[in-house]
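Asker: predicted model and sequence below, questions to follow.
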Amino acid sequence: MPGLDADALTALIERFSGIILTSSDPGYEEARRVHNGAIDKRPAVIARCRGTADVVDAVHFATERGLEIAVRGGGHNVAGRAVCEGGLMIDLALMKGISVDPERRTARAQGGVTWGEFNRETQLHGLATTGGTVSTTGIAGLTLGGGFGYLMGKHGLTADNLIGAEVVVASGHVLHVDADHHADLFWALRGGGGNFGVVTWFEYRLHPVGPMVTGGLVAHPFEAAHDVLGYFRDSVGSWPDEQTGIAGLVHAPDGSGVPIAVMAVVHCGPPDEGAAALAPIKAFGSPLMDVIGPMPYEVTATLLDAGFPAGARNYWKSSFLRSVPDDAIDTMVGRFASCPSPMSGLVLEHVGGAVTRTAVDATPFPVRDDGFNMLCVSEWMDPADDEGNIAWARETYAAMEPHFAERRYVNYLDDDEVDPAASAYGPNHDRLRRIKAEYDPGNVFHLNQNIEP
């Protein structure tokens, strides 16, 4: 491995507050694994950091020796960019600090925090910000890529609620950024991915939410799939900002593999308003299951957890639709019928409300039109099934392509595109490249949806 010698490694270990792992160390095999079980990479060194100084030392160690750097927050990135082959993996999983200021309605959290952990602390004060729909998702990746969540209709994207950050840039310097300090870098962090450095602390704006909200899941037989997706498409335009949801085609969670059509929805306002707003969804059709009702806000982030187990093999394809015509729904229903795995699904995420009232150039995230994000989740367990499941996702995406708009959600992007960052960032791409050239001219942080300087 270029530049990796025992003396240098010993010096790093002696200085480090966290844990340094190489392939011969106990804990290495577990630490190198990310959420997607299809990713199997072996870093030369894993730096499990406990604080910002550890991150600085790890960046210096890697850059001085020409080692490729990967950065892991929650490890959920489906393309596996949190881990590298033969380089240095900066693992933030031990960095769990969270501090809530209920008077200012703000929270600071370190880069290894997950949304389940974040929500637990902020809900002590009846506060929240837009966060992940799977509780084990890391705050870091979701925020840096934009951040869809159940509060986005009322309070915007996760990135829209970022008000400050501490960042270790490629030079090893530690920068405190906000609207008044390194404003260009602050702009880039709110959707520009991990291109600009390692964010060790995030500061968020919080909002009064909960502790009880109204939400849950409703499931219909697959024979009603077209009607369910059509109802979802037609009804979201009349939803209040407090209400955000998704609709999809999945398989019954009881292990039977029976295909079903579902809606998952959360209303973050007062319970009486939520009950009234969600009554039409509960009254629609003849559901097989209806578990929509009052629930703690913390629980909303766990509604989909069982569908995304750690270690399952994943391959995703995704794009944005401004509308979902009937023939697009027909395509989704037809393609799902040929799905080879009972773990896979097709999802429509509604994007509206506060997200669409933010200017396209206010952050790097350009998807500010009312519409839907279509996500094809191909998920399975056996490596022998890789080819068939990946092919199904690609073929499904190709079948839906005539309906896609020109923008995509960076957190779902795969590696199949020639220049995925350009397709994701659109009119904001050139500005991001200029900021990248200022803070990372050597493209040290390139294991991401890379923005070339």
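Answerer: Yes, it's here. Predicted model, so just to flag it, every value in this text is computed and none were measured.
Asker: what residue ranges in the stretch 201-350 of the chain score low on pLDDT?
Answerer: Nowhere does the stretch 201-350 of the chain drop to pLDDT under 70.
Asker: need the longest helix for this structure.
Answerer: For the chain, the longest helix by residue count, based on DSSP state H, is helix 386-400.
Asker: show me what stretch 102-113 is in contact with.
Answerer: 73-74, 91-101, 118, 121-122, 125, 127, 129, 138-140, 163, 198-208 (C-beta atoms under 8 Å, 6 or more residues apart in numbering). Bear in mind the C-beta positions are built from the backbone N, C-alpha and C, glycine included.
Asker: let's see that with 6 Å instead.
Answerer: 73, 92-93, 95-100, 118, 122, 125, 139-140, 199-204, 206 (C-beta atoms under 6 Å, 6 or more residues apart in numbering).
Asker: could you give me the buried positions within the longest helix of the chain?
Answerer: Asn389, Ile390, Trp392, Ala393, Arg394, Thr396, Tyr397, Met400 (16 or more other C-beta atoms under 10 Å).
Asker: so Ile451: helix, strand or coil?
Answerer: coil (DSSP: H, G, I helix; E, B strand; the rest coil).
Asker: my guess is it contacts Leu432. True?
Answerer: Yes - at 4.8 Å, Ile451 counts as touching Leu432 under the criterion of C-beta atoms under 6 Å.
Asker: more neighbours, the two?
Answerer: Between Ile451 and Leu432, counting by other C-beta atoms under 10 Å, Ile451 is the more crowded of the two (30 against 25).
Asker: state the distance from that one to Asn428.
Answerer: 10 Å (C-beta to C-beta, to the nearest Å).
Asker: of the contacts of stretch 102-113, which belong to helices?
Answerer: Phe118, Thr122, Ile139, Ala140.
Asker: dump the residues you listed to a markdown table, plus pLDDT.
Answerer: Formatted as a markdown table, these follow (pLDDT from 0 to 100):
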| residue | pLDDT |
| --- | --- |
| Phe118 | 98 |
| Thr122 | 98 |
| Ile139 | 97 |
| Ala140 | 97 |
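Asker: about what we covered before: now for the buried residues of helix 386-400: which two are most distant?
Answerer: For these, the farthest-apart pair by C-beta to C-beta is Asn389 and Met400; their separation is 17.0 Å.
Asker: hang on, the earlier thing: which residues are in contact with the longest helix of the chain?
Answerer: By C-beta under 6 Å, 6+ apart, helix 386-400 touches Tyr315, Lys317, Thr331, Arg335, Pro340, Ser341, Cys376, Ser378, Trp380.
Asker: just name the closest of the residues you listed to Gly245, please.
Answerer: Nearest to Gly245 among these, with distances taken as C-beta to C-beta, is Cys376, at 18.6 Å.
Asker: that closest one and Lys317 touch, don't they?
Answerer: Yes - Cys376 sits in contact with Lys317 when judged by C-beta under 6 Å, with a separation of 4.5 Å.
Asker: give the contact list for the residue nearest in space to the middle of the chain.
Answerer: Closest to where the C-alpha atoms of the chain average out (C-alpha atoms, centre = their mean) is Leu142, at 3.8 Å. Counting by C-beta under 6 Å, 6+ apart, Leu142 makes contact with Gly132, Thr158.
Asker: in which helix or strand would I find it?
Answerer: Secondary structure from DSSP states H and E places Leu142 in helix 139-144.
Asker: show residues contacting the helix or strand following that helix.
Answerer: Toward the C-terminus, helix 139-144 is succeeded by helix 152-155 as the next helix or strand (DSSP H and E). Under the criterion C-beta under 6 Å, 6+ apart, residues Thr130, His207, Asp241, Glu242, Thr244, Cys268, Gly352, Gly353, Ala354, Val355 lie in contact with helix 152-155.
Asker: one more time with 8 Å, if that's ok
Answerer: 129-130, 158, 161, 207, 239-244, 268-269, 350-355.
Asker: so how far is that helix off the chain centroid?
Answerer: For helix 152-155, the separation from the chain centroid amounts to 16 Å (computed by C-alpha atoms, centre = their mean, to the nearest Å).
Asker: and it, which residues are buried?
Answerer: Buried residues in helix 152-155 (16+ other C-beta under 10 Å): Met152, Gly153, Lys154, His155.
Asker: which one of those residues sits closest to Ser323?
Answerer: Gly153 (18.0 Å).
Asker: tell me the mean pLDDT for stretch 42-50?
Answerer: The average pLDDT for stretch 42-50 rounds to 97.
Asker: please parse this structure into its domains.
Answerer: 6-91, 98-209, 212-412 (automatic domain parsing).
Asker: ends of stretch 86-97, what's the gap?
Answerer: Terminal residues of stretch 86-97 lie 29 Å apart, using C-alpha to C-alpha, to the nearest Å.
Asker: between Ile451 and Leu432, which contacts overlap?
Answerer: With C-beta under 8 Å, 6+ apart, Ile451 and Leu432 have common neighbours Gly192, Asn195, Ala421, Tyr425.
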